Each structure stands twice: as structure tokens, then as C-alpha cells.
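pasted the sequence and its predicted model underneath.
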Amino acid sequence: MVAFKVNDGERGGWSVLLVSGELDLVTSPVLRQRVHDVVAEGQHSLVLDLSEVLFCDSSGVGVLIASRRLIRSCQGHLRVVLPAQGAVDGSHVNRVLGALGVRRLFEVYPDVMTATEDEPEDEADPLSA
């Protein structure tokens, strides 16, 4: 059995959630709650690092889409780390999102460093939109 974990951190003004294990019906509510907690704390610039997710089912995809919707409703920014190359033959989540045709909904980066190399835009500034 693979342990599911969500570790949080911060890098360059971005909140970063590192997700590892299997993102499925049992574990997806944990990620959903962590994203809600980050937003409730007032952080609207979020990077979801999914590079260590080994499996993702439809409930996991649902949480990713709901997270995008939540962050956008706060005028925030969501970036997703989905490496093209993984341990076997690429990121499982990358393949699932591509197969479902929803990958284009996300700002995808190959690693956390690239995803956080620029400061998040100030969502309170109406001229930055």
C-alpha cells in the first residue's frame, strides 16, 4: 500500500503543496481540504506539485478542476507540476489529464523551481489583470 501525503511549503511567494501517493476516491478529499485551507489562510497563489503522484482517478481529476475553479474565483493563480518524464514513462497524472482533454485547463510546469521562478501577481491590483 502506498502512503498518501500532502506536504506544504512556500517558495518565492507561492504556496506549494507536494502531493505523493495515489490520488483517488479515498485520498482526494484530503487534497481538497488542504487546498481550501491554503485559500482560507489568504494565499491565492498555489503550486500543486503532482510529480510524486503514482495514480489518479476521476475523483482526483475532479479535485484538480475544483481547485482551479476555487483559485480563479479568488482572482488567484494555480500552477501544476507535471513532469513529462517520470519514474516509468512520464507522469501518470499528465497522461490522465491529457487523455481526458482537460490538461489545457492548467498552467503546467516541469518542476517546482520553474513554476515558482517569478513572483505571483498581486491579485488585489486591478491593473495587473
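Right, received. Where do you want to start?

scan this protein for its longest helix.
For the chain, the longest helix by residue count, based on DSSP state H, is helix 58-73.

for it, buried residues please.
Neighbour counts over helix 58-73 (16 or more other CB atoms under 10 Å) mark 59-61, 63-64, 67-68, 70-71 as buried. From N, CA and C alone the C-beta is placed, and that goes for glycine too.

in a markdown table: those residues, plus pLDDT and distance to Arg79.
Converted to a markdown table, the buried residues of helix 58-73 look like this (pLDDT from 0 to 100; distance: CB to CB, whole Å):
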| residue | pLDDT | distance to Arg79 |
| --- | --- | --- |
| Ser59 | 95 | 22 |
| Gly60 | 94 | 17 |
| Val61 | 94 | 17 |
| Val63 | 97 | 16 |
| Leu64 | 96 | 12 |
| Ser67 | 97 | 11 |
| Arg68 | 97 | 10 |
| Leu70 | 97 | 14 |
| Ile71 | 96 | 10 |
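
could you dump those residues to JSON lines with distance to Ser15?
Output for the buried residues of helix 58-73, formatted as JSON lines (distance: CB to CB, whole Å):
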{"residue": "Ser59", "distance to Ser15": "23"}
{"residue": "Gly60", "distance to Ser15": "19"}
{"residue": "Val61", "distance to Ser15": "21"}
{"residue": "Val63", "distance to Ser15": "16"}
{"residue": "Leu64", "distance to Ser15": "16"}
{"residue": "Ser67", "distance to Ser15": "12"}
{"residue": "Arg68", "distance to Ser15": "15"}
{"residue": "Leu70", "distance to Ser15": "13"}
{"residue": "Ile71", "distance to Ser15": "10"}
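
let me know the closest of those to Val81.
Taking CB to CB as the measure, Val81 lies nearest Leu64 of the buried residues of helix 58-73, at 12.0 Å.

Lys5: what's it in contact with?
Lys5 makes contact with 18-21, according to CB atoms under 8 Å, 6 or more residues apart in numbering.

farthest-apart pair in the buried residues of helix 58-73, please.
Spanning the widest gap among the buried residues of helix 58-73 are Ser59 and Ile71, at 18.8 Å by CB to CB.

low-confidence ranges in the chain?
Residues of the chain that meet the criterion pLDDT under 70 lie in 1, 85-90, 122-129.
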